[in-house]
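Asks: below are the sequence and a predicted model for it; my questions follow.
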Amino acid sequence: MGKLFGTDGIRGVANRDLTPELAFKVGRAASYVLGKNRSGKIVIGKDTRYSGDMLESALIAGIVSMGIDAVKLEIIPTPAIAYLTREEKALAGIVISASHNPGEYNGIKIFNEKGLKLTDEIEEEIENIILNDIEIETRPIKDEIGKISTLEDGPEIYLNYLIEKIGVDLSGKKIAMDCGNGALYKIGPKAIEKLGGKVVAINTEPNGMNINDNCGSTNPHMIQELVEKEKADIGISFDGDGDRIIACDEKGQLIDGDHILAILSEHLRGQGKLKDNMVVGTVMTNMGLDEYLEAKDMKIVKTKVGDRYILEEMLDKGYSLGGEQSGHIIILDYNTTGDGLATGLELLKVASESDELLSNLNALMKNYPQVLVNAKVKPELKYEYENEASIVEAIKQVEDEFHGKGRVLIRPSGTEPLVRVMIESKVGDIDRIAKDLADLIEAKIG
């Protein structure tokens, strides 16, 4: 059986891979599995992609055909959908977005009634219905067919929640913002203005295809240039669906997810909100964060790559802060998913309450240099590197040479016939080491 759901929902080129026919089936199957013969509603929102209307219509047709109401949230960031799913007591929340991917792509991501990403078991149940063409007998008629409505002030409800929850006064602050022509293009700048700050925002004119187009959190050069030009106190850059943030300080120096975790960890600990003084990262988290936290008598636990695994660890152990280098930051006191706007406002709050320049806070953590090289391998062999003695020995030799000042991370791609070789170290020629290991892997299992 094939697999629809990746680590972050269903994704593909809209109307080729992700078709309206598939979206209709997802709407029916998800309603069946998550509704379990209950009446109720599902909230559904989208980013600014041209294909969003098409997929939204198909999903809604599937939902209401199961006797469940569909509530449209229109253009709204992913974290707002997670919040409103809980706030509206919905059976589920559906996001139509391909996050940081180009405009021709789109995706479907589903939250359960608690605003959490679906478990593997629930996703597999939905997949089984769709991929095996299992007939769902539920076919309500007359007035039992679901109704369609629009929650016009959904984005405003979410915005007011964040403002009340974080409560920072931005009077006298100048904030540069790159909205990536995505879901935060309206309420991102509005948040700053409501908190009394001055905002200079770019990429706030989406045309359906320019989302993430050489802008936003995956192209942070734009926000760096804007900060320097406008002499702003901070730069904030979002991805298409608003669940990621990459920031920069007043000098235009990047503040990635690892540095954000370093800054926020000390702040939350000071408020008594960092359980067990623990931060949750991933295997890709820079060793510089490990060193910083250790020096401050804090700790880090690492999961597989993917914010869903970070959240699982946080919920399981009750931890309050976690995130990825790429800018998915989860502050569990605010939301159940990565939240770019909440994280940006929290950064501003830390800077304001500490009366420190962001460049000083950014300098708390020192990065280990990192390099990533892909090794092309046979698809069926990409997990075999662990069983190849010459590869295992080569990795051990490299790690011995680092003497604890570096590491090797080998990670098979989840979607491509690639093995990713990441070398991180303050010593040695890491570019050469990574290439040599990638070449060895290709020679043995390529």
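Replies: Sure, I can see it.
Asks: ok, Asp339 to Asn15 distance?
Replies: Distance of Asp339 to Asn15, given as Cβ to Cβ, to the nearest Å: 30 Å. C-betas here are computed from N, CA, C, even on glycine.
Asks: the more surrounded of those two?
Replies: Ranked by neighbour count (other Cβ atoms under 10 Å), Asp339 and Asn15 place Asp339 first, with 28 against 15.
Asks: contact partners for the more buried one?
Replies: Asp339 makes contact with Pro79, Gly242, Asp243, Ile329, Ile330, Ile331, according to Cβ atoms under 8 Å, 6 or more residues apart in numbering.
Asks: and the second one, what is it in contact with?
Replies: Listed by Cβ under 8 Å, 6+ apart, the contact partners of Gly242 are Asp47, Pro77, Thr78, Pro79, Ala80, Gly182, Ala183, Leu184, Gly188, Asp339, Gly340, Leu341.
Asks: which two of those residues have the greatest separation?
Replies: Maximum pairwise distance among the contacts of Gly242 (Cβ to Cβ): 14.9 Å, between Asp47 and Asp339.
Asks: helix or strand for Ile423, just tell me which one.
Replies: Taking DSSP states H and E as the definition, Ile423 sits inside strand 418-425.
Asks: now for that strand, which elements pack on it?
Replies: Under the contact criterion of 3 or more Cβ pairs under 8 Å, 6 or more residues apart in numbering; DSSP states H and E, strand 418-425 touches strand 370-376, strand 406-412, helix 430-445.
Asks: surely Ala92 and Leu84 touch.
Replies: No: at 11.4 Å, Ala92 and Leu84 do not qualify as touching, with contact defined as Cβ atoms under 8 Å.
Asks: overlap in contacts of these two?
Replies: Joint contacts of Ala92 and Leu84 (Cβ under 8 Å, 6+ apart) are Val43.
Asks: buried residues in stretch 435-446, which are they?
Replies: Counting neighbours by 16 or more other Cβ atoms under 10 Å, one finds that the buried residues in stretch 435-446 are Lys435, Asp436, Leu437, Ala438, Leu440, Ile441, Lys444, Ile445, Gly446.
Asks: of all these, which two lie farthest apart?
Replies: Lys435 and Ile445 (16.5 Å).
Asks: and the gap between the residue in the chain sticking out farthest from the centre and Gly67?
Replies: Going by Cα atoms, centre = their mean, the residue of the chain most distant from its centre is Lys142, 40.7 Å out. In this structure, Lys142 and Gly67 are 11 Å apart, going by Cβ to Cβ.
Asks: could you provide the helices and strands packed on strand 418-425 in CSV, with additional columns for mean pLDDT and distance to Asn286?
Replies: Formatted as CSV, the helices and strands packed on strand 418-425 follow (pLDDT from 0 to 100; distance: least, Cβ to Cβ, whole Å):
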stretch, mean pLDDT, distance to Asn286
strand 370-376, 93, 7
strand 406-412, 92, 10
helix 430-445, 94, 13
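Asks: same list (those) but as JSON lines, adding distance to Asn277.
Replies: Below are the helices and strands packed on strand 418-425 laid out as JSON lines (distance: least, Cβ to Cβ, whole Å):
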{"stretch": "strand 370-376", "distance to Asn277": "25"}
{"stretch": "strand 406-412", "distance to Asn277": "23"}
{"stretch": "helix 430-445", "distance to Asn277": "31"}
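Asks: looking at those, spot the one closest to Phe5.
Replies: Nearest to Phe5, of all the helices and strands packed on strand 418-425, is strand 406-412, at 18.2 Å by Cβ to Cβ.
Asks: the closest one: which residues count as buried?
Replies: Using 16+ other Cβ under 10 Å as the test for burial, strand 406-412 gives Gly406, Arg407, Val408, Ile410, Arg411, Pro412.
Asks: center of the chain, which residue is that?
Replies: His328 (4.3 Å).
Asks: now the nearest residue to that one once chain neighbours are set aside, what's its secondary structure?
Replies: Spatial nearest neighbour of His328, excluding adjacent residues (Cβ to Cβ, 6 or more residues apart in numbering): Gly338 at 3.6 Å. Per DSSP: H, G, I helix; E, B strand; the rest coil, the secondary structure class of Gly338 is coil.
Asks: going forward, begin numbering at 521 instead of 1
Replies: All right, first residue 521 from here; so that's Gly858.
Asks: mind giving me the domain split of the protein?
Replies: By the assignment in automatic domain parsing, the chain contains the domains 530-672, 676-882, 890-965.
Asks: these: lowest mean pLDDT?
Replies: Lowest mean pLDDT of the domains of the chain: domain 890-965, a mean of 91.
Asks: mind checking the end-to-end distance for that one?
Replies: With Cα to Cα, to the nearest Å applied, domain 890-965 spans 24 Å between its terminal residues.
Asks: ok, the closest residue to Cys735 other than its chain neighbours - contacts?
Replies: Excluding its sequence neighbours, the residue lying closest to Cys735 (Cβ to Cβ, 6+ apart) is Asn723, at 4.4 Å. Asn723 sits next to Asp698, Cys699, Gly700, Asn701, Tyr705, Asn730, Cys735, Gly736, Met742 when contact means Cβ under 8 Å, 6+ apart.
Asks: which residues touch the spatially closest residue to the fourth one that is not a sequence neighbour?
Replies: By that I understand Asn701. Of all residues not flanking Asn701 in the chain, Pro726 sits nearest, at 4.2 Å (Cβ to Cβ, 6+ apart). Going by Cβ under 8 Å, 6+ apart, Pro726 touches Thr568, Asn701, Gly702, Tyr705.
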